[in-house]
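**Student:** Quick one: sequence plus predicted model below, questions after.
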Amino acid sequence: MTDREITITINGLVKTARVEPRRTLADFLRHDLGLTATHLGCEHGVCGACTVLLDGETVRSCLALAVHADGHEVTTVEGVAPPGEMHAVQKALWESGAFQCGFCTPGFVMAIYGMEQERAAGLPCPRSRAEIREELSGNICRCSGYQKIIDGAEAVLAGEGDR
Amino acid sequence: MKPAPFEHWAPTSVDEAVKILSGLDDPGDAKVMAGGQSLMPLLNLRLSQPAHIVDLNAVTGISEVYRERDTLVVGAMCRQRTAERSEDVAAAVPLVVEALTNVGHPAIRNRGTVGGSIAHADPAAELPTVALCLDAELVAQGPGGERRIAAADFFDGFLSTALGEQEILTAVRFPVDGPGCGSAFAEVARRHGDFAMAGVAVHVRLSGDTIAEARIAVSGVALTPVRAADAEAALRGATPGDEAFAAAAAATSAALDPASDLHASGAYRTHVAGVLVRRALATATDRARESQ
């Protein structure tokens, strides 16, 4: 129950803070750092809204403790593009109209962004619609906007030369 | 919602972790955390409120994957995504890779570990079923040193294993597939990534055109994953084909008596298990022929 000092690189900035060990990474981002773009839906790993990147890999920030990120790098949706600009993933979702209420959007952006980053690093990456659907099956949208979300993901992941 | 307060221990070695567990007044009030993908939901929902968390995420030396003659050793803290993408795992024990693609979602597998899933011992989970099917050995370290536990003796109840309160699972030892071996994993779940209503792991070794040995484990149908011993016996020495596979499916279903819950009735789970055994046997046999 002793507080722990942690240092995390978040969206390229080094942050040091004292946290209770039971603080989830999601609550740390939202409450302690004010990075409220990461949304919390179910808080037990089912909905995917709180997806962030930890050292370049997608993780559920509600299923990690803030102390787990000590000494590591975290990317949230605030960090995928400079302020006022959109990353290719955001742009593709924008252009395909992949939103209704938008609550699930940060999780989808980060899940697709994670895939896009892995593709850029030369790792195997889903490209077909069926593969993308399977890969995104861990993100839930309750407005039922899946088709347009997958349209957007497909546009990004297929890449220019593949269409 | 957040976990109830706990004392957080972050050892950097297995020895240190064991020492911490041994030094607690009540080690039964401690939980060992690996990737946390099963434990964190329980903590967040306060279904589990341990006084101590012994967190293995900073422990070094138990994430490696390596071959030891006819055994593939997978460190308990090897992330599931790492194992899924490992060429060594795919070449030596392809059943592990096939099963892993059914575990949760990529973001879960990036964090979840091979050892954590097995030590959690959810009866509907994939990796415990694979460990049971392959007769894997679980390596545990405790105050008295290291011991190996056969998978058949490891899963002893719902979310319960043979691990002592002061023991930590450090590695899983899978026998490596030889020539004539083939395997298959299949499950039926409501949605991709959900826990299975029923799932099967099948491993077949052919000798010429007869089945020298078949091993079948079924998930989601009892308090632990279970072996289909009657079906295995019926397949020994049989000629692979629709007839033998249908008989094995019937023998599997006949030995099961799963409970009903809101996801599926017991009768449905029994039926699905049989169908999956039949299909997985056909796939595993095809793969075994290719490897002869």
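**Tutor:** On my side now, so go ahead.
**Student:** and residue 58, what pLDDT?
**Tutor:** Just going to use chain A. Predicted confidence (pLDDT) for A:Thr58: 97.
**Student:** um, chain B though
**Tutor:** Reading off the model, B:Ala58 has pLDDT 97.
**Student:** Which residues are in contact with the residue in chain B positioned nearest to chain A?
**Tutor:** Ranking the residues of chain B by distance to chain A (C-beta to the nearest C-beta) places B:His105 first, at 2.7 Å. Placement of C-beta: from N, CA and C, glycine included. Taking C-beta atoms under 8 Å, 6 or more residues apart in numbering or on different chains, we find B:His105 in contact with A:48, A:135, A:137-138, B:193.
**Student:** Name the SS class of the residue in chain A positioned nearest to chain B, please.
**Tutor:** Of all residues in chain A, the one sitting closest to chain B is A:Gly138 (2.7 Å; C-beta to the nearest C-beta). On the three-state scheme (DSSP: H, G, I helix; E, B strand; the rest coil), A:Gly138 is labelled coil.
**Student:** what about it, distance to B:Lys19?
**Tutor:** 37 Å (C-beta to C-beta, to the nearest Å).
**Student:** next one: B:Ala4
**Tutor:** Using C-beta to C-beta, one obtains 25 Å as the distance from B:Ala4 to B:Lys19.
**Student:** hang on, the earlier thing: name the member of the contacts of B:His105 with the most neighbours.
**Tutor:** A:Gly48 (27 neighbours; other C-beta atoms under 10 Å in any protein chain shown).
**Student:** which non-adjacent residue is nearest that one?
**Tutor:** A:Asn139 (3.5 Å; C-beta to C-beta, 6 or more residues apart in numbering or on different chains).
**Student:** Which helix in chain A has the most residues?
**Tutor:** Counting residues, the longest helix found in chain A (DSSP state H) is helix A:105-120.
**Student:** swap that for chain B, please
**Tutor:** helix B:266-290.
**Student:** about what we covered before: quick one: the residue of chain A closest to chain B and B:Asn110 touch, right?
**Tutor:** No - the pair A:Gly138 / B:Asn110 is not scored as a contact, 10.9 Å apart, by C-beta atoms under 8 Å.
**Student:** ok so, going back, so the residue nearest to A:Gly48 is in contact with A:Met110, correct?
**Tutor:** No - with contact defined as C-beta under 8 Å, A:Asn139 does not count as touching A:Met110 (9.1 Å).
**Student:** Compare these two and say which one has the larger neighbour count.
**Tutor:** Taking neighbours as other C-beta under 10 Å, A:Asn139 and A:Met110 compare with A:Met110 leading, 29 against 24.
**Student:** so who does the more buried one touch?
**Tutor:** A:Met110 is in contact with A:51-53, A:58, A:75-77, A:80, counting by C-beta under 8 Å, 6+ apart.
**Student:** How far off centre is the helix or strand of chain A with the lowest mean pLDDT?
**Tutor:** Lowest by mean pLDDT, DSSP states H and E among the helices and strands of chain A is helix A:129-135, with a mean of 91. Distance, stretch centre to chain centre, for helix A:129-135: 17 Å (C-alpha atoms, centre = their mean, to the nearest Å).
**Student:** Stretch B:128-147 too?
**Tutor:** Stretch B:128-147 sits 11 Å away from the centroid of its parent chain (C-alpha atoms, centre = their mean).
**Student:** about what we covered before: list the contacts for the residue of chain A closest to chain B?
**Tutor:** Applying C-beta under 8 Å, 6+ apart, the residues near A:Gly138 are A:48, A:111, B:104-108, B:193.
**Student:** what about residue 84, how many neighbours?
**Tutor:** Let's take chain A. 5.
**Student:** my bad, the chain I had in mind was chain B
**Tutor:** Neighbours of B:Glu84 (other C-beta under 10 Å): 20.
**Student:** isn't it right up against B:Thr101?
**Tutor:** Yes - taking C-beta under 8 Å as the definition, B:Glu84 is a contact partner of B:Thr101 at 6.6 Å.
**Student:** How about the longest helix of chain A, which residues are buried there?
**Tutor:** Of the residues in helix A:105-120, A:105-119 count as buried by neighbour count, 16 or more other C-beta atoms under 10 Å in any protein chain shown.
**Student:** per-residue confidence averaged over it?
**Tutor:** Helix A:105-120 shows a mean pLDDT of 95.
**Student:** and A:Ile8, what element?
**Tutor:** For A:Ile8, the host element (DSSP states H and E) is strand A:4-10.
**Student:** Can you mark which positions in that strand are buried?
**Tutor:** For strand A:4-10, the neighbour count (16+ other C-beta under 10 Å) marks A:4, A:6, A:8, A:10 as buried.
**Student:** Let me know the distance separating B:Pro128 from B:Ile211.
**Tutor:** Counting by C-beta to C-beta, the gap from B:Pro128 to B:Ile211 is 25 Å.
**Student:** more neighbours, those two?
**Tutor:** Neighbours per residue (other C-beta under 10 Å) separate B:Pro128 from B:Ile211, with B:Pro128 holding more: 27 against 23.
**Student:** Could you tell me which residues make contact with that one?
**Tutor:** B:117-118, B:121-122, B:155, B:219, B:224-225 are the contacts of B:Pro128 under C-beta under 8 Å, 6+ apart.
**Student:** can you do 10 Å?
**Tutor:** Counting by C-beta atoms under 10 Å, 6 or more residues apart in numbering or on different chains, B:Pro128 touches B:99, B:117-122, B:136, B:151, B:154-155, B:161, B:201, B:217, B:219, B:224-225.
**Student:** This completes my enquiry, with thanks.
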